Structure formats: structure tokens, C-alpha cells
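**Student:** give me the fold of what follows.
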Amino acid sequence: MRQSVAVVIPCYRVRSQILPLIQQIGAEVDWIIVVDDACPEESGRHVSENCSDRRVTVLKNEKNLGVGGAVLNGFSYALRLGADILVKLDGDAQMDPHWIQYLIRPIQDGRADYAKGNRFFNVEGLRSMPRVRLLGNAVLSFFSKISSGYWGLFDPTNGYTAISASTFALLPLKKISQGYFFESDMLFQLGMVRASVVDVPMDAVYANEKSNLAISRVMGQFLSKHLTNTFSRIAHNYFLRDFSLASIELIAGIGFVVFGTAFGAYHWAESIKTGVTATTGTVMLAALPIILGVQLLLSFLAFDISSTPNMAIHRLLQDVRKPTASAGRESEQTEHATLP
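**Tutor:** I've put the predicted structure just below:
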């Protein structure tokens, strides 16, 4: 059975790129939802007056919500239309619509609940990417792995994504960041519902378009939010939802490292102050807890990596909700969706 596809395009200062972009969207897409995020160039109005594609619907945000807020509004509207798969496509022409057919395939096949582009798969294609972006993405990717629990993913700032509608309906939309942290926060929330996520290799596109995202400007904010999400994920997965051997390894590992470090630092300071060299036993009593603690933390990390969600849940959700599909969809949209 064919699954319907809706593409959501958040628009902010993309007047010159939006119409050529829409013309490239293939027949695999049933609906194209253009969200004018209070664009000063009136991109939405430009589309309404000049686009004849019957698949296009234009939504207008009265105030600028940020890329995340615009996409969430578009996705929520797509749920009302009855779309099965929701795709985010930026309006700045840095995402080739040709890749939509490949992006949605893991969801159509039941292999994943969420698919995202990965521009780092083809090393040769990275020559066109600015070096600052390469470095910034590498750092942010590492922190995204820690905060989301999806250790096999890369390129977290890539906003070319697709998600099954039934999985999207599970997410607490009010808790998802509406700014540029949207994609990373989506991964965190997907990890909390144990959704399966895959990377889809695609080429990087950098022409004359200017991105609104400056990694150097948001790096500090991103790292702070990743740290918050990391603590939240670990607390929920290893102490609230479950308490396993990995939980004990984490507690004991931190305890041993803290004790060994504090004990060693105290006696090192005493040795400097008194001029008396610390005994071998004192040194060993400081070193052994640190060594043991690091081993326990590495064991916890190995467990965390191995427990990455790898089974799609959206097909199961669809089967469970079949008896009350129409009623369930209405209640979910009322609770989760906030339309402009």
C-alpha cells in the first residue's frame, strides 16, 4: 500500500529560491506545505501568487517562530491532511529535492521511523563544504551522539529529514526547540520514545546561497543544550525507566573517579606543603580507584552504544491504532498540534 508524503518547506528570506525549488519536487510527493515564518520578503505570498502547482498550500506565521516552530506547524497541518510521511525541505536551495525518494524509502520499507541526510558519507563531495562547517559539524555531531544516544549518526545540523506521521504524533511538540537546535532536539526526543533513526547518504550543496545558520555563533548554545539533554536522557533511561547493571557501573565509575581524584589531589597538596613524599600505598590508593572508575565508565559507554534503538515502531503504532484510527488522529492533533 502506497504511503502518502507531505513536504514542509520553512521559508525565511528565500524569495528568490523558493519557486525553482518547488518545481523540482517529484511526483512521489502528494502535498507541498510552504510555511512563511513571518518572512520580511513575503515568500509565502510570492508562492501563492506565482505557483500553479495544485499540491502547494501556503501557511503564514504571524510572528517568526524559528525554523523548528515553522516545521512543527507544517508537520501538524500535514497530519490533518492524512499524510503518512513528513519531509522537511529547507527553502534555501541547499537541499536537492531529488533525494526525497531516497530519504523516505527506509520509512516506506519499515526499516526506520526517522531518516536524515548525511553529507559526510562521500568524502570527495565534502571539498565544496567550508572548513569551518566541517569542523563545527564534527564537534556538534559528537555531542549529538552523547545527548541523543544515536551513536551511529553523523551530521546532526543537516535539516533534510523525513519522519513517519505515527512517530511524529508521539513527540511532545511543546518541548522541542523551535530554533536552529531543532534537528538535534528532534533526535533527543526520538531517542526518548525509542524510535529507529537512520542516516541517508547524500551530496552537500553549496552554491551562492547564504545560510542563516552560523555555527560559530550557536556553538555555545548548542553545547549547553546537548549537556542538558545528556543528563536528561541518562536519568530517564538508566534510573527512571530501568535500573540495570549499566546504572550501577555509571554510579560506581563516577564515585571511584571522584574519590581517587580528590584523594590524590589532597595528598599531592600535602606533599608539596610538607615536603614529605607520599608513600607508595597512598599513590596506589589514589590511582587504583581512578583506573577502576574509568573501566566502569567505559563499560557503561559500551552498553549505551549497543542499546541504540534499531527497530522501527511506526508500523506497530499503525496496527495498534487501526480500530480507532479516525478518533485517535483527531485527539492527537488536538493535543500536539498548534496551527498558525
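
**Student:** what ranges do the strands span in the stretch 1-150 of the chain?
**Tutor:** 5-11, 31-36, 56-60, 85-88, 114-118 (DSSP state E, counting those that start in this stretch).

**Student:** shaky segments in this protein?
**Tutor:** 123-130, 204-218, 318-340 (pLDDT under 70).

**Student:** re the thing from before, indicate which one of the strands of the stretch 1-150 of the chain is closest to Ala78.
**Tutor:** Nearest to Ala78 among those is strand 5-11 (3.7 Å), distances taken as CB to CB. All C-beta spots, glycine's among them, are computed from the backbone N, C-alpha and C.

**Student:** show me the strands paired with the closest one, marking each as parallel or antiparallel.
**Tutor:** strand 31-36 (parallel), strand 85-88 (parallel) (DSSP bridges).

**Student:** need the strands of the stretch 1-150 of the chain in CSV with mean neighbour count and distance to Asn229, can you?
**Tutor:** Shown next, in CSV, are those (neighbours: other CB atoms under 10 Å; distance: least, CB to CB, whole Å):
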stretch, mean neighbour count, distance to Asn229
strand 5-11, 28, 22
strand 31-36, 26, 25
strand 56-60, 18, 29
strand 85-88, 28, 20
strand 114-118, 24, 16
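
**Student:** circling back to that earlier point, now the strands paired with strand 5-11 as JSON lines including distance to Ala246?
**Tutor:** Formatted as JSON lines, the strands paired with strand 5-11 follow (distance: least, CB to CB, whole Å):
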{"stretch": "strand 31-36", "distance to Ala246": "41"}
{"stretch": "strand 85-88", "distance to Ala246": "33"}
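
**Student:** quick one: which of those strands is nearest Asn158?
**Tutor:** Comparing those by CB to CB, strand 85-88 comes nearest, at 10.2 Å.

**Student:** possible to save the strands of the stretch 1-150 of the chain as JSON lines with distance to Tyr150?
**Tutor:** Listed next are the strands of the stretch 1-150 of the chain as JSON lines, based on distance: least, CB to CB, whole Å:
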{"stretch": "strand 5-11", "distance to Tyr150": "22"}
{"stretch": "strand 31-36", "distance to Tyr150": "26"}
{"stretch": "strand 56-60", "distance to Tyr150": "30"}
{"stretch": "strand 85-88", "distance to Tyr150": "17"}
{"stretch": "strand 114-118", "distance to Tyr150": "9"}
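
**Student:** which one of those strands lies closest to Arg233?
**Tutor:** Using CB to CB, the strands of the stretch 1-150 of the chain put strand 114-118 closest to Arg233, at 16.2 Å.

**Student:** need the contact partners of the closest one.
**Tutor:** Identification of contacts with strand 114-118 by CB atoms under 8 Å, 6 or more residues apart in numbering yields 95, 99, 103-107, 153-155, 158, 160-164, 167, 183, 186, 190, 195-202.
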